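Asker: mind looking at a prediction? Sequence and model below.
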Amino acid sequence: MADMSKFADITLDPGIIKRAAKGDVRAHEILYRSFATPVYSLCLRFTRVPAHAEDLVQETFIEVMRSIARFRGDAAIGTWIRRIAVSKALMFLRSAWTSRAQSLGEDWEEINLGNAADVNAAYRQDTAMDLDAALGSLPDVSRTVVWLHDVEGFTHKEIAELMGKTESFSKSQLSRAYQRLRPLLETGDEVDNRAAAWRSC
């Protein structure tokens with residue numbers, strides 16, 4: 001997954017951040033150009049719809065520019081922007097028109113039960129099974145928890161806070177997502193090594 005978010009790999013001159021905090025338009029543009037691609041990639045993982053991901057990029061950077069003056073440097077600027085992007089993506093998933101299909105309180109096992117077997121069979125036929133496609137087979141909530149935990153490195157406590165749920169909810173979603181991913185992938189080792197695989201792409 002070459003388009004995986006690379007927030008940690010991006011470094012900026014502290015002077016640019018200070019200028020951005022003072023409202024410097026050029027500094028704002030540098031921030032946007034530096035992080036727009038990883039923000040888009042992250043948002044697309046959650047929404048699976050390019051147009052929605054693009055909207056979330058704009059919302060993320062509106063918030064970044066609005067809040068940059070309060071950034072104190074306790075974490076890397078990329079980590080801070082990533083958290084804003086995650087928050088915007090989760091707000092999108094919780095929105096009324098999205099939650100008609102699946103709310104954060106629903107168990108993924110209750111979603112798409114009718115075609116789960118068909119999806120499973122289709123993936124089994126593809127020997128070149130892609131981890132991206134496997135994640136794409138999961139409902140929004142399960143995919144979000146897997147992505148936050150295994151790729152973005154959030155703890156269950158942090159995920160629970162972001163989603164307005166308990167740590168047990170995060171852990172159970174992750175466990176059940178692994179159970180569903182295992183038969184979709186060619187070997188159990190692929191699931192067991194999921195974090196290393198997703199991070200190294």
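Answerer: Happy to help now that I have it.
Asker: helix or strand right after whichever strand or helix holds D55?
Answerer: Here D55, judged by DSSP states H and E, is contained in helix 50-67. Later in the chain than helix 50-67, the nearest helix or strand by DSSP H and E is helix 77-94.
Asker: now do the buried residues in the helix ranked longest in the chain.
Answerer: For the chain, the longest helix by residue count, based on DSSP state H, is helix 25-47. In terms of neighbour count (16 or more other CB atoms under 10 Å), helix 25-47 has its buried residues at 27-28, 30-32, 34-36, 38-47. Where C-beta positions appear, they are placed from N, C-alpha and C, glycine not excepted.
Asker: per-domain residue ranges of the protein.
Answerer: 7-98, 102-200 (automatic domain parsing).
Asker: now render these as CSV, adding mean pLDDT.
Answerer: Compiled in CSV, the domains of the chain are given as follows (pLDDT from 0 to 100):
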stretch, mean pLDDT
domain 7-98, 89
domain 102-200, 67
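Asker: quick check: phi and psi on L138?
Answerer: phi -80, psi 150 (degrees, to the nearest 10).
Asker: contacting residues for it?
Answerer: 108, 146, 177, 180-181 (CB atoms under 8 Å, 6 or more residues apart in numbering).
Asker: could you tell me which of those residues belong to helices?
Answerer: Reading helices off these with DSSP H, I get 146, 177, 180-181.
Asker: now restrict these to buried residues only.
Answerer: For those, buried by 16+ other CB under 10 Å: 146, 177, 180-181.
Asker: is it true that G78 touches A8?
Answerer: Yes: with contact defined as CB atoms under 8 Å, G78 reaches A8; the gap is 5.9 Å.
Asker: who has more neighbours, the two?
Answerer: The neighbour count for G78 versus A8, taken as other CB atoms under 10 Å, is higher for G78 (20 against 12).
Asker: that's all I had, so thanks and see you.
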